[in-house]
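Visitor: Following is a predicted model, sequence given first.
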Amino acid sequence: MDRNRKSERWDWKYKLTVYKKEGSTNSELWSCSYLYDGCTGGLLSDDGTTFVYVSFWYYEKSPAVTIYQTGELKKQIIGREINVDRSKLQRTVSHQLWLNPSRNYRLIRTKEVPLGLEINTIDLQRIIVDLRSFKISRS
């Protein structure tokens, strides 16, 4: 590798850091390596313990959902675990989109799921990922 040449973006190392705001100062709650796929986004839980990234691109063998908790990559859910009807995927020039375009994902809290991720897919599935046990349920 030519040391005078800048490295490519896909070679860069990324870091996720979560801060707690206390008055006019911020204190770091946790930090970890971040698997960046070139798209921005993600959701942070209201208590700061959990960060979830949902990829808009669908690949059966690649992560669709990545879950970080208190400084660790805890779980990756790959496309085939989501099991979207392939005939419903929206095809673009280079990718397949799997999320419902009008309402795709959000964090939820219920009695049954103290912290969960609700995902609405393009084939009209409603998927709940329990962010404590990582169990996937459908409705």
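Guide: Arrived safely. If you're wondering where the values come from, they're calculated on a predicted model, not measured in any experiment.
Visitor: And the helices in this protein?
Guide: For the chain, applying DSSP state H gives helices covering 79-82.
Visitor: what pairs with the residue nearest the centre of the chain across the strands?
Guide: Nearest to the mean C-alpha position of the chain, by CA atoms, centre = their mean, lies Tyr53 at 1.6 Å. Following DSSP bridges, Tyr53 is listed with bridge partners Thr66.
Visitor: My guess is it contacts Lys74. True?
Guide: No: in this structure Tyr53 lies outside contact range of Lys74 using CB atoms under 8 Å: 12.0 Å. (Glycine included, C-beta is placed from N, CA and C.)
Visitor: need the contact list for Lys88.
Guide: Thr121, Ile122, Asp123 (CB atoms under 8 Å, 6 or more residues apart in numbering).
Visitor: Pro114 too?
Guide: Arg132.
Visitor: measure it to Trp57 for me?
Guide: Taking CB to CB, to the nearest Å as the measure, Pro114 falls 29 Å from Trp57.
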